[in-house]
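A.B. asks: Predicted model and sequence below, questions to follow.
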Amino acid sequence: MLNLKSYGKRGKSNPHSYLIIGCGHFGSRAAEKLFQKDPHSKIIVVDQSKKALLKVSHLSIESTICEGTLYLKQFLSEGRKADYIIPAVPFHLVFEFIHSQLKPLGGKRRKVPPLSGLSNPMIGKTGDLYTSLANFLCSEDCPEPSQYCTITKKRRPKPLYQILNNLEGPFESKVIRSLQLAPGVGGFKPEALLGLLEDIKRKKNSGRSILVSTASLCHGVTSALSF
């Protein structure tokens with residue numbers, strides 16, 4: 001059983017711990033950046049490809065061969081702890097995890113409805129909606145200042161995670177904010193994921209579709225489900 005209460009507070013003297021799902025370009029880069037930031041941190045990298053994990057074999061970190069969503073389910077169900085989960089896979093990890101948990105209860109993937117007011121929307125191969133405040137390729141080392149864009153120097157009127165959270169329509173919009181952990185590296189706390197799962201379970205009989213988004217200040221992905 002997944003148990004939100006099992007996630008206690010991390011002691012101030014303890015190093016941070018990170019679970020990186022995916023070891024492609026972004027996952028291996030995240031491991032490098034976080035290890036450079038704090039060599040004493042505990043880092044676990046998961047990928048279903050042994051070859052991909054060779055990219056981080058020079059680092060003093062833990063690596064595991066497994067499909068990402070499956071590993072995340074096992075990790076959380078066993079009560080194992082990490083301060084942050086870092087998605088680095090070519091699919092919406094938050095949604096796939098939540099969907100896998102709610103499927104036995106009747107949860108079904110739905111098509112993301114038309115949404116107005118979102119910048120640069122693009123539908124992915126599995127029907128997920130990708131949005132971005134930028135219409136250009138961002139720097140991998142963007143420090144993500146809170147008030148303005150590093151490239152254009154223009155003020156950011158409202159962060160994307162807030163825009164997505166405020167969407168209105170015949171649905172409920174739920175967002176997990178991706179926090180910057182190092183330049184170009186974003187992640188979220190397990191408590192946020194488990195809390196969202198429990199929140200959606202309570203909406204089971206509402207009859208409304210639920211949008212599930214993961215978003216930073218500038219970039220996001222949105223999927224939809226219903227019961």
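C.D. replies: Perfect, thanks for sending it.
A.B. asks: okay, CA-based contacts and neighbour counts for the rest of this
C.D. replies: Fine.
A.B. asks: State the distance from Ala30 to Tyr18.
C.D. replies: Taking C-alpha to C-alpha, to the nearest Å as the criterion, Ala30 is separated from Tyr18 by 10 Å.
A.B. asks: Spell out the residue ranges of the helices in this structure.
C.D. replies: With DSSP state H as the definition, the chain shows helices at residue ranges 25-37, 50-53, 68-77, 93-102, 160-165, 190-202.
A.B. asks: Now that we have the ones you listed, can you turn them into CSV and tack on mean neighbour count?
C.D. replies: Shown next, in CSV, are these (neighbours: other C-alpha atoms under 10 Å):
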stretch, mean neighbour count
helix 25-37, 19
helix 50-53, 16
helix 68-77, 17
helix 93-102, 20
helix 160-165, 19
helix 190-202, 17
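A.B. asks: can you tell which of those helices is closest to Ala215?
C.D. replies: Minimum separation from Ala215 across those (C-alpha to C-alpha) falls at helix 160-165, 5.0 Å.
A.B. asks: Save the helices of the chain as CSV, and put in mean pLDDT too.
C.D. replies: Output for those, formatted as CSV (pLDDT from 0 to 100):
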stretch, mean pLDDT
helix 25-37, 97
helix 50-53, 98
helix 68-77, 97
helix 93-102, 98
helix 160-165, 96
helix 190-202, 96
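A.B. asks: out of these, nearest to Tyr130?
C.D. replies: Distance to Tyr130, taken as C-alpha to C-alpha, is lowest for helix 160-165 among these, at 11.3 Å.
A.B. asks: Which other helices and strands does that closest one contact?
C.D. replies: Applying 3 or more C-alpha pairs under 8 Å, 6 or more residues apart in numbering; DSSP states H and E, one finds that helix 160-165 contacts strand 171-177, strand 209-215, strand 219-226.
A.B. asks: most packed of these?
C.D. replies: Of all the helices and strands packed on helix 160-165, strand 209-215 has the most neighbours on average by mean count of other C-alpha atoms under 10 Å, namely a mean of 25.
A.B. asks: CA atoms only: put that one into CSV for me.
C.D. replies: Below are the C-alpha coordinates for strand 209-215, written out as CSV (Å, rounded to 0.1, in the frame of the first residue of the first chain):
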residue,chain,number,x,y,z
SER,A,209,-12.5,14.6,-16.2
ILE,A,210,-9.3,15.4,-14.4
LEU,A,211,-6.3,17.1,-16.0
VAL,A,212,-3.0,16.1,-14.5
SER,A,213,-0.1,18.3,-15.3
THR,A,214,3.6,18.5,-14.4
ALA,A,215,5.0,22.0,-14.9
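A.B. asks: averaged over its residues, what pLDDT does that strand have?
C.D. replies: Averaged across strand 209-215, pLDDT comes to 97.
A.B. asks: what comes into contact with it?
C.D. replies: Strand 209-215 has contacts (C-alpha atoms under 8 Å, 6 or more residues apart in numbering) with 92, 94-95, 110, 112, 160-161, 164, 170-178, 200, 220-227.
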